[in-house]
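A.B. asks: got a structure for you, letters missing:
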């Protein structure tokens, strides 16, 4: 019986509480109305804000086709030398791909300086309300820092988070503002300048690389010519020394009246092999043959024909000089968008989506707040009324 009575008491209390709420419903409505009116008055001077999300897309396959020949020629920029084919360029680094262009585009956005320039150009912040240029610039930097550049791998906004945990599948720009048309102007400005920055980066890289390749090619040719010159000098020095040696032995042979080669005689006491091997016995060959050898050495007009290594060096010099790959690469470079700033695109911006941030959510919380205040009021008022009746 006690258990049943307790249930009955609880049921009576709940019923009573609902009756109190029903009797005070107009007070609750009044509290909600006052809450909503106060919010309306507060927001009447406020401009409605939105969250803008703009997806960043890579270039199309059609645009990438402009770089097919260019990428192929990069792979073939080689200078030929004694060690075979020697590449003078980092092919992977300078190859144009969708991912590379998009990465450089995102990189130009992340530091936010382009957005800062856009904010100043389109007066997102009124400089007149600040006491100094420094204060104005700090306000611009602070506002630009609120822009989020979000990628599938990283969320770049002060703190770095794994985008896979946030289920992000594309790159986009996110910002809260209150003027749709002005934000669209800023996006157009940012897009144009980001592409120009990427173009400047790539153009500078390729110009420096081309200059480096030309210098390396020049140095390669200079080294080969220097090697050729050194071989000729070495031959001439060796020839002069040999002629001096031959003159000395020719003189000795004349003094000893050795006209012909002794080892060609029938003298059994002569060891022909010893005469040929021993340079000190060179005079035994006879002054006629020695003087003839001197005459032939002095009469050589084209000395390079008698230096075997020069054939290979001349071939290498010819390969380096006649290699037109670099010139073809430069010609094709001028046909790509890299050579034309106006036609160059590193990435594209998809249509921006605008989401309201605000006002319905604010009114919802205002209604909830009014209901809570109304309930508290009628409960407290009912409690005091019961106490007065007791007394």
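C.D. replies: Yes, it's here. Nothing here was measured: the structure is a model prediction, and the numbers come from that model.
A.B. asks: Please make it C-alpha for all contacts and neighbour counts, starting now.
C.D. replies: Will do.
A.B. asks: next one: the strand or helix carrying residue 216 to chain centre, how far?
C.D. replies: Per DSSP states H and E, residue 216 falls inside helix 180-255. In terms of Cα atoms, centre = their mean, to the nearest Å, the centre of helix 180-255 is found 27 Å from the chain centre.
A.B. asks: by contact count, what packs against that helix?
C.D. replies: With contacts defined as 3 or more Cα pairs under 8 Å, 6 or more residues apart in numbering; DSSP states H and E, the packing partners of helix 180-255 are helix 98-110, helix 113-121, helix 287-298, helix 309-322, strand 347-349.
A.B. asks: 7 Å - rerun?
C.D. replies: helix 98-110, helix 113-121, helix 287-298, helix 309-322 (3 or more Cα pairs under 7 Å, 6 or more residues apart in numbering; DSSP states H and E).
A.B. asks: Quick one: mean pLDDT for that helix?
C.D. replies: What helix 180-255 shows for mean pLDDT is 89.
A.B. asks: now that helix against helix 98-110, angle please.
C.D. replies: Our comparison of helix 180-255 with helix 98-110, counting by axes from the mean of the first three to the mean of the last three Cα atoms, to 10 degrees, yields an angle of 120 degrees.
A.B. asks: Let the chain start at 24 from now.
C.D. replies: Sure, I'll start counting at 24 from here, so that last one is helix 203-278.
A.B. asks: what angle separates helix 203-278 from helix 310-321?
C.D. replies: Computed by the same axes, to 10 degrees, the angle between helix 203-278 and helix 310-321 is 160 degrees.
A.B. asks: quick check: angle from helix 203-278 to helix 136-144?
C.D. replies: Relative orientation of helix 203-278 with respect to helix 136-144: 140 degrees, computed using the same axes, to 10 degrees.
A.B. asks: Break the protein down into its domains, please.
C.D. replies: Using automatic domain parsing, the domains assigned to the chain come out as 24-71+381-414, 243-349.
A.B. asks: Centre of the chain to the longest one, how far?
C.D. replies: Between the mean C-alpha point of domain 243-349 and the mean C-alpha point of its chain there is a distance of 59 Å (Cα atoms, centre = their mean).
A.B. asks: Pull up the distance across it, start to finish.
C.D. replies: For domain 243-349, the first-to-last residue distance is 14 Å (Cα to Cα, to the nearest Å).
A.B. asks: From residue 119, how far out is residue 204?
C.D. replies: Look at residue 204 and residue 119: by Cα to Cα, they are 34 Å apart.
A.B. asks: Could you check which of these two has the larger neighbour count?
C.D. replies: In this comparison of residue 204 against residue 119, neighbours counted by other Cα atoms under 10 Å, the higher total goes to residue 119 at 18 against 9.
A.B. asks: for stretch 137-155, how far is the first residue from the last?
C.D. replies: 22 Å.
A.B. asks: Check which residues of it are buried.
C.D. replies: Under the neighbour-count criterion of 16 or more other Cα atoms under 10 Å, stretch 137-155 has 137, 138, 139, 140, 141, 142, 147, 148, 150 buried.
A.B. asks: coming back round to it: could you dump the helices and strands packed on helix 203-278 into TSV with mean pLDDT and distance to residue 398 added?
C.D. replies: Formatted as TSV, the entries for the helices and strands packed on helix 203-278 read as follows, by pLDDT from 0 to 100; distance: least, Cα to Cα, whole Å:
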stretch	mean pLDDT	distance to residue 398
helix 121-133	89	50
helix 136-144	93	48
helix 310-321	88	123
helix 332-345	85	92
